[in-house]
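*Asks:* Structural data only, the sequence is not supplied:
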């Protein structure tokens, strides 16, 4: 299995379809631990945190029912504000907000990279990019037979890339342990900090609500692995 992973943000070229449910090659829908729901949740998050170009936002619209179904199964906060997919005419404003929050120019309030948010590293490399986690993620992606697309224009520790690689790994029994590593050794150690920053800094409700939804779903993902351990 060697392929160029679609787990990339960049200009959105890899986003040709809506967020997916596991294929027939993936885990069975009768899996009692709910792996199909978790795969869908992680893949949806990978899409929502990707750069909101028109094709990407169109794919979100196609996934409205999947998002609602997934949320009904794993959300622990029924009063949380929903993530409302913008209309296509709203894409330019949403893209401006994405650039302001995550890209720049100028000071970037919420860099979407694990290296920036990790606190369990030496002081002199905190709040920097291309930290030790980047090399570790590259190793995991290679173990999955994946590599970040050369068209992505993003680092391996971008939030959307990590999430999509995890969704891919979760989809197959033999790569489940790598999915757990990506979650426990990476996403769980930094994504809550990013989400809290986005919830505070975002001016548009889409990103504020996405940050809260992500925190909610992360708790369910953590619970999924805990149940797997108990089994």
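*Replies:* All right, it came through fine. For clarity, every value in this text was computed on a predicted model and none was experimentally measured.
*Asks:* next one: the longest helix anywhere in the chain to chain centre, how far?
*Replies:* Assignment by DSSP state H gives helix 205-230 as the longest helix of the chain. Using CA atoms, centre = their mean, to the nearest Å, the distance from the centre of helix 205-230 to the centre of the chain it belongs to is 11 Å.
*Asks:* And that helix, what's buried?
*Replies:* Neighbour-count burial for helix 205-230, counted by 16 or more other CB atoms under 10 Å, picks out 206-218, 220-221, 224-225. Just so you know, the C-beta spots here come from the backbone N, C-alpha and C atoms, and that holds for glycine as well.
*Asks:* who does that helix touch, helix- and strand-wise?
*Replies:* helix 35-48, helix 64-74, helix 91-98, helix 188-201 (3 or more CB pairs under 8 Å, 6 or more residues apart in numbering; DSSP states H and E).
*Asks:* quick one: buried residues of the second one?
*Replies:* Just to be clear, that refers to helix 64-74. 66-67, 70-71, 74.
*Asks:* Over to the third one?
*Replies:* Judged by neighbour count (16+ other CB under 10 Å), helix 91-98 contains these buried residues: 91, 94-95, 97-98.
*Asks:* now the residues you listed as TSV including distance to residue 171 and pLDDT?
*Replies:* Putting these into TSV (distance: CB to CB, whole Å; pLDDT from 0 to 100) gives the following:
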residue	distance to residue 171	pLDDT
91	29	96
94	29	97
95	30	97
97	31	97
98	27	98
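*Asks:* For residue 57, state which of those is nearest.
*Replies:* Sorting the buried residues of helix 91-98 by distance to residue 57 puts residue 91 at the head of the list, at 5.3 Å, by CB to CB.
*Asks:* mind checking the backbone torsions on the closest residue to residue 121 other than its chain neighbours?
*Replies:* Closest residue to residue 121 apart from its sequence neighbours, by CB to CB, 6 or more residues apart in numbering: residue 131 at 6.0 Å. Residue 131 has phi and psi values of phi -80, psi -170 when expressed as degrees, to the nearest 10.
*Asks:* what do you get for residue 113?
*Replies:* Main-chain dihedrals, residue 113, degrees, to the nearest 10: phi -120, psi 130.
*Asks:* again with residue 146
*Replies:* Per-residue torsions, residue 146: phi -120, psi 160 (degrees, to the nearest 10).
*Asks:* what pairs with it across the strands?
*Replies:* residue 3 (DSSP bridges).
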